[in-house]
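Asks: output the structure for:
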Amino acid sequence: MGNGEVRVRGVAARAGGWSAQHRWAAVGIWLLFVVLTMGIGSAMGSVEVKDSDQLKGETSAAAHIVEEAGIEEPAGETVLIQAKDNRTRATDPAFRAAVDDVMKAVGKTGEVADVTSPYDTGTISEDGRSALVQFDVRGASDTAGERIEPVLKAVADVQKEHGTLRIEEIGGASMMKTFDDAFGDDFQKAEYSAVPVALGILLIAFGAVVAALLPVALAITAIIATMGLMAIVSHVIPMSDTANSVMLLVGLAVGVDYCLFYLRREREERAAGRDARTALRVAAATSGRAIIVSGVTVCVAMAGMLFTGLAEFEAMGLASLMVVAVAMVGSVTVLPALLSLLGGRVEKGRIPFLHPDKRRKNGRSGSGAESRFWNAVLRVVLAKPALSLVVATGALLAVAAPALGMKTQNLTLDQEFGDSLPIVQTYNRVNEAFPGGSEPAEVVVKAKDIDAPEVRAALADFKAEAVASGASRGPVEIKVHDERNVAFVYVPLVGGSDQDKAGASLDKLRDEVRPATLGKVEGVEAPVTGQVAGNQDFNDQLVGSVVPVFAFVVVFAFLLMLLSFRSLTIAATSIVLNLLSVGAAYGILVAVFQHGWGASLVGAEGVGAIITWLPLFLFVILFGLSMDYHVFVVSRIREARLRGRTTKEAIRHGVVTTAGVVTSAAVIMVAVFAIFGTLSMQSMKQMGVGLAAAVLIDATVIRGVLLPAVMALLGERNWYLPTWLNRLPDLTHDESPEPGPGTGPESTPPALDQRVRV
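Replies: Numbering: from 1, shown residues only. Next up, the predicted model:
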């Protein structure tokens, strides 16, 4: 068709056309939007998720009681004093001297309060070899890690004076400081290294500095704008640091991908001989439309996290949704304006041996970007689609098989960080000597009068019954806030760091001990919280949300694909292929982190489980992100079919002409996600490996083999839409026939000809 006028319709085409004509206005509006959102967000400040909003159930009820009472729970610390041999006992004079020295040393720092002796509280192990000195850190608990250094030094000095004993400190403040020192820079390094990695891959993909900088610049501005929006929205739905990290990860991935799709198409049209204006309009109508369909689908998938009822998930879902929406809008508005402004200067800073001009096949123009490798693969797949389908599906099902035995749990300290840190070894020693002592259940008791005789008697009965029932071996500690009519009961649970056994002890405490004691006093509230209780409440709520989240994401993704391609077949196969991709990712996670197959390669030995929140999180993220490639490839196949190619030829053309951009986009995503797989925390490592593996499978096996094999077998049934669905809104876009044989009206498939506009 050359440079003839192309009449297009659709939001993306109109937005791209307006932006190209009013380029300075489009760029100015975008920059104003970024500056305003960031400025307003900074001025308003951000509201963080409160403990009382984190979970529903008893954990939330306990947090609300504490908040309403205005009680600021201090960070508790424990010093373990333990004999290194089997002869020394806590009753020995040398042991008692060490206990006294610890109590005096920590007290002199001025940073602690309520220092208690193990001889008064009974915190001496059954074998008599270990004892615990306990105290609170003065000031706010969330900043206690910043003030604990003098106390840690004091304890270390006492250790030097008592070489026959093991004297070690553990607690909320010391763990906070240790992890900040060891891993505090982990996330920052990952986030900062993601941008250079993406830029390096883009330089290889485009072979020009300016072209490579555009996607990164748009992704960064989208992230900045979203940070401002997050602060504004946090006054309605509180945000969190985790949500911010996930937003950065998703924002960089989709922001770069969307620009990559757009830029590659514009380049291809110009290489095919179109002028700059026409190339932009075609890119807007095709890749721009694919970006909108993909972006809306990703947003719908992210919205699934809002159905969990978990504050952290809601924050992550909303943050991800916003950054995808902002990146999508920027890609179809400001990007066309920038391309129009730059014109041929987008090729500035060419890298000769990397530029596409040097890699393009001799004698080819618009199709010069076709991949030789994928051409070879497609020849085999399209020649034997049934065999290809069976082999690829069988391979993915085999990879997914380990997921059937998936074990999920909240990772313990040693699972999360391994035994490399001394404090993890201390944690294990405390749990061995005092099962449940490092993570006791906490019963928050609220009464009209906490000093009433019946309440005091019930507290005493609860303390005794907790031990008598076998839920705890003691010692059970009670702290009463008379003026607030609130009491805290700390119950070390039998089972310690064994979450299954500790969970059974918690159930006994909640279902048997509490009803028989505190539950008999009218007007008394006694929700049970703590680390084990919080984990159990989180798991229960997460499990309850799996079905509605899965149903919401799958149903709405199906409807969006149906409206976008007006094909029942395309919509159905899209869902099946995405589920297969997610299943394979689950299988890899279980194989590596649960069974330990190849775990040493990623530093994941001995984990033995998948962290509870990851499967649902991965499903939502992957289901959304995989639509990027799917929409882009299927749009190109449909476009070729509309231009008169046969279905098999359209499949070949669509896959090989998008192979370069899909490969580049996938490599960027895999590289960014793999960075998170190098972090020390096993939960972040699992997330990074799972995402990277899924994207790699999705961009290769799914899009390069399974999709073309399925479409080749279906033939014209790919475009099947029942007549009773013809009234559905038409969200397809217009394509213009390319020059060459077979592009006349007589060659256009009857099922599609009504959607061709030139």
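Asks: my read: G690 touches I588, true?
Replies: Yes. G690 is within contact range of I588, at 7.0 Å (criterion: C-beta atoms under 8 Å). In short, each C-beta sits where N, CA and C put it, glycine included.
Asks: between these two, which is the more surrounded one?
Replies: The neighbour comparison of G690 against I588 (other C-beta atoms under 10 Å) goes to G690, with 27 against 23.
Asks: okay, now the unreliable bits of this structure?
Replies: Scanning the chain with the threshold set as pLDDT under 70 gives 1-10, 51-55, 182-188, 191, 353-371, 419-420, 436-438, 496-498, 606, 730-758.
Asks: which residue of it sits farthest from its center?
Replies: Relative to the centre of the chain, the most outlying C-alpha is that of P93, 53.3 Å out, by C-alpha atoms, centre = their mean.
Asks: quick one, phi psi at it?
Replies: Torsion angles at P93 (phi, psi; degrees, to the nearest 10) stand at phi -60, psi -40.
Asks: could you do V115 as well?
Replies: According to degrees, to the nearest 10, V115 has phi -70, psi 130.
Asks: swap in I351?
Replies: Note on I351: backbone dihedrals following degrees, to the nearest 10 are phi -110, psi 100.
Asks: pull the contacting residues for it.
Replies: When contacts are counted by C-beta atoms under 8 Å, 6 or more residues apart in numbering, I351 touches 203, 207-209.
Asks: out of those residues, flag the one nearest to N718.
Replies: Nearest to N718 among those is G207, at 34.8 Å by C-beta to C-beta.
Asks: check which helix or strand the residue most central in space within the chain maps to.
Replies: In the chain, the residue lying closest to the centroid (C-alpha atoms, centre = their mean) is V246, at 5.2 Å. Using DSSP states H and E, V246 sits in helix 241-271.
Asks: for that helix, packing partners?
Replies: Here helix 241-271 touches helix 172-206, helix 209-233, helix 276-283, helix 289-303, helix 311-342, helix 614-642, helix 647-676, going by 3 or more C-beta pairs under 8 Å, 6 or more residues apart in numbering; DSSP states H and E.
Asks: between these, which gets nearest to D136?
Replies: Closest among these, using C-beta to C-beta: helix 172-206, at 9.4 Å.
Asks: by contact count, what packs against the closest one?
Replies: Counting contacts by 3+ C-beta pairs under 8 Å, 6+ apart, helix 172-206 packs against strand 75-83, helix 149-161, helix 209-233, helix 241-271, helix 413-417, helix 422-433, helix 647-676.
Asks: kindly recompute the last result at 6 Å.
Replies: The contact analysis (3 or more C-beta pairs under 6 Å, 6 or more residues apart in numbering; DSSP states H and E) places helix 172-206 against strand 75-83, helix 209-233, helix 241-271, helix 647-676.
Asks: picking that back up, okay, the helices and strands packed on helix 241-271 in CSV with distance to D85 next?
Replies: Shown next, in CSV, are these (distance: least, C-beta to C-beta, whole Å):
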stretch, distance to D85
helix 172-206, 26
helix 209-233, 55
helix 276-283, 76
helix 289-303, 57
helix 311-342, 45
helix 614-642, 43
helix 647-676, 44
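Asks: so how far is M302 from the nearest residue to P402 once chain neighbours are set aside?
Replies: Leaving aside its sequence neighbours, P402 sits nearest to V590 (C-beta to C-beta, 6 or more residues apart in numbering; 4.1 Å). Distance, V590 to M302, by C-beta to C-beta, to the nearest Å: 24 Å.
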